[in-house]
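Asker: Task: produce atomic coordinates for the following.
(one chain, ligands or ions: 2)
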Amino acid sequence: MAQIDWDSLGFDAYRTRTVVLAHYKDGAWGKIETTETFSFTFDPFAQGLHYAISCFEGLKAFHQKNGDIIMFRPDRNAARLQRTAAFLGLPAPSEEMFIEMCKLCVKNNLEFLPPYGHQASMYLRPLLFAPHPQMQLVPYPEVFFAVMCAPAGSYYGAHLRSAAAVIPGDYDRAAPKGTGSYKLSANYAGTFVPYQIAHQQGYAELLYLNSATREFVDEFGSSNFFGIKGNSYVTPLSDSVLPSITNMTLQEVAADFGMKVEKRPVPLEELSEFSETGGCGPAVVITPISHIDMKPVLSGNEVSRTFRYLPDGEVGPACTKLYKRITGIQFGELEDTHGWCYKI
Ligand code: PLP
Ligand code: COI
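Answerer: Ligands and ions are numbered 1, 2, ... in the order given. Next up is the predicted model:
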């Protein structure tokens with residue numbers, strides 16, 4: 001039995017018991033396997049290594065109050081993986097296969113699933129990787145599909161505590177008509193150094209603007225953006241933002257609360273009109289933002305604007321309400337009226 005302090009879990013690559021694997025080659029999927037070997041071997045010319053022909057998903061499994069184990073909206077992740085794989089010219093698992101492998105990963109690693117009552121869950125990380133050795137810049141239909149998992153607590157070190165964000169004037173995330181709306185591994189590569197610089201300066205998050213004009217809000221490096229304005233839940237409509245399942249869920253939750261949902265371009269200036277802002281995604285859940293600084297040069301000292309919402313660490317009423325509703329449904333404390341929870 002794993003000895004885990006469920007209350008102090010962060011968000012880390014964790015060595016659990018098994019990884020679930022399938023290999024697509026010569027037009028068909030091989031059989032689904034589970035392995036306890038936490039290392040894969042690839043040809044040094046693998047496309048995934050040289051050309052970042054690799055993409056992934058992120059979703060969570062929960063131990064609910066009544067003892068049930070569920071995954072949250074895995075059908076949506078399956079569909080998004082198919083869309084991303086098509087963008088890369090790769091085959092993808094069917095929804096059925098995706099869900100079966102995710103289920104198997106949870107079942108095979110049950111001792112790593114946090115028990116109910118610790119605000120912790122199991123993060124599932126499905127990965128689609130192109131192993132074919134190739135120099136030419138054309139797709140080749142061979143992939144490894146692996147599902148790993150890790151017990152997960154809070155991404156930023158505390159639950160429902162506001163964090164500071166920075167808009168980096170000298171870094172962009174995604175080009176128009178580029179890769180931003182796909183969950184490509186490559187999209188994250190360009191965020192590592194700006195995150196490092198931001199963290200050194202005390203910012204937890206990077207907020208990216210649209211790269212074409214830098215006049216609109218796109219999203220955070222790890223999550224989608226939302227703002228609260230009066231009784232409205234406002235979130236960016238942009239071609240270069242990842243279509244977040246958590247955000248989609250929050251839009252439905254906000255509508256259930258009688259809020260108006262506005263999915264539209266969000267001008268930078270509007271940041272001064274929100275009463276609360278936050279990030280949302282499986283890793284960050286809902287993370288309220290205390291303030292957003294704009295810096296012309298991320299590593300420099302100049303801050304050109306500050307948008308302040310809350311004293312650092314504090315949380316506003318709308319984020320609290322949204323957080324309680326979504327986590328309440330995930331942990332089985334509130335009724336799942338939309339049918340989002342898939343029982344394992
Ligand atoms: N945006 C980015 C850049 C992300 O990495 C994530 C995390 O998955 C999200 C948004 C949230 O998406 P979802 O809620 O669908 O997982
Ligand atoms: C997730 O929330 O599932 C993610 O993929 C975010 C991660 C890149 C930090």
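Asker: Ramachandran coordinates for the closest residue to ligand 2 within the stretch 101-250 of the chain?
Answerer: Closest to ligand 2 within the stretch 101-250 of the chain is residue 222: 4.1 Å, counting by Cβ to the nearest ligand atom. In this view, the C-beta of every residue, glycine as well, is placed from N, C-alpha and C. Phi and psi for residue 222, reported as degrees, to the nearest 10, are phi -110, psi 0.
Asker: In this structure it contacts residue 279, no?
Answerer: Yes. Contact criterion Cβ atoms under 8 Å: residue 222 and residue 279 qualify, at 6.8 Å.
Asker: list residues touching both of the two?
Answerer: Counting by Cβ atoms under 8 Å, 6 or more residues apart in numbering, the contacts common to residue 222 and residue 279 are residue 205.
Asker: When those two are compared, which one has more neighbours?
Answerer: With neighbours defined as other Cβ atoms under 10 Å, residue 222 and residue 279 compare such that residue 279 has more, 29 against 23.
Asker: Contacts only, for the residue of the stretch 101-250 of the chain closest to ligand 2.
Answerer: 155, 205, 279, 281, 283-284.
Asker: Now the residue of the stretch 1-150 of the chain found nearest ligand 2, what are its backbone angles?
Answerer: When scored by Cβ to the nearest ligand atom, the stretch 1-150 of the chain has residue 58 as its residue closest to ligand 2, at 2.1 Å. The phi and psi values for residue 58, taken as degrees, to the nearest 10, are phi -150, psi 130.
Asker: Burial check on it, number of neighbours?
Answerer: Burial of residue 58, expressed as a neighbour count using other Cβ under 10 Å, amounts to 17.
Asker: swap in residue 95?
Answerer: Applying other Cβ under 10 Å, I find that residue 95 has 16 neighbouring residues.
Asker: ok, for it, nearest residue in space, not its chain neighbours?
Answerer: Counting by Cβ to Cβ, 6 or more residues apart in numbering, residue 95 lies nearest to residue 78, which is 4.1 Å off, once chain neighbours are set aside.
Asker: Please report phi then psi for that neighbour.
Answerer: Dihedral angles (degrees, to the nearest 10) for residue 78: phi -60, psi -40.
Asker: go on, residue 21?
Answerer: phi -130, psi 150.
Asker: Count the residues that sit near it.
Answerer: Residues contacting residue 21 under the criterion other Cβ under 10 Å number 20.
Asker: what's the pLDDT at it?
Answerer: The confidence metric pLDDT takes the value 97 at residue 21.
Asker: and what of residue 2?
Answerer: The pLDDT attached to residue 2 in the predicted structure is 60.
Asker: Ok, residue 159 next?
Answerer: What the model reports as pLDDT for residue 159 is 89.
Asker: Quick one: classify it as helix, strand or coil.
Answerer: Using DSSP: H, G, I helix; E, B strand; the rest coil as the criterion, the local structure at residue 159 reads coil.
Asker: and residue 107, what pLDDT?
Answerer: 98.
Asker: and it, how many neighbours does it have?
Answerer: Burial measure for residue 107: 15 neighbouring residues, criterion other Cβ under 10 Å.
Asker: any idea which element it lies in?
Answerer: Here residue 107 sits within helix 95-108, counting by DSSP states H and E.
Asker: which ones are touching the residue in the stretch 151-300 of the chain positioned nearest to ligand 2?
Answerer: Proximity to ligand 2, evaluated over the stretch 151-300 of the chain using Cβ to the nearest ligand atom, is greatest for residue 283 at 3.2 Å. Residue 283 makes contact with 11, 58, 123, 152, 155, 222-223 under the criterion Cβ under 8 Å, 6+ apart.
Asker: which ones among those are found in helices?
Answerer: The helices, defined by DSSP state H, take in nothing from these.
Asker: Without its sequence neighbours, what residue ends up closest to residue 103?
Answerer: Looking at residue 103 with Cβ to Cβ, 6+ apart, the closest residue is residue 344, at 5.2 Å.
Asker: Report the separation between that neighbour and ligand 1.
Answerer: According to Cβ to the nearest ligand atom, to the nearest Å, residue 344 and ligand 1 sit 19 Å apart.
Asker: My guess is that residue contacts residue 61. True?
Answerer: Yes. Residue 344 lies in contact with residue 61 (Cβ under 8 Å); the separation is 6.9 Å.
Asker: More neighbours: which of those two?
Answerer: With other Cβ under 10 Å as the criterion, residue 344 and residue 61 differ in neighbour count, and residue 61 comes out ahead with 27 against 18.
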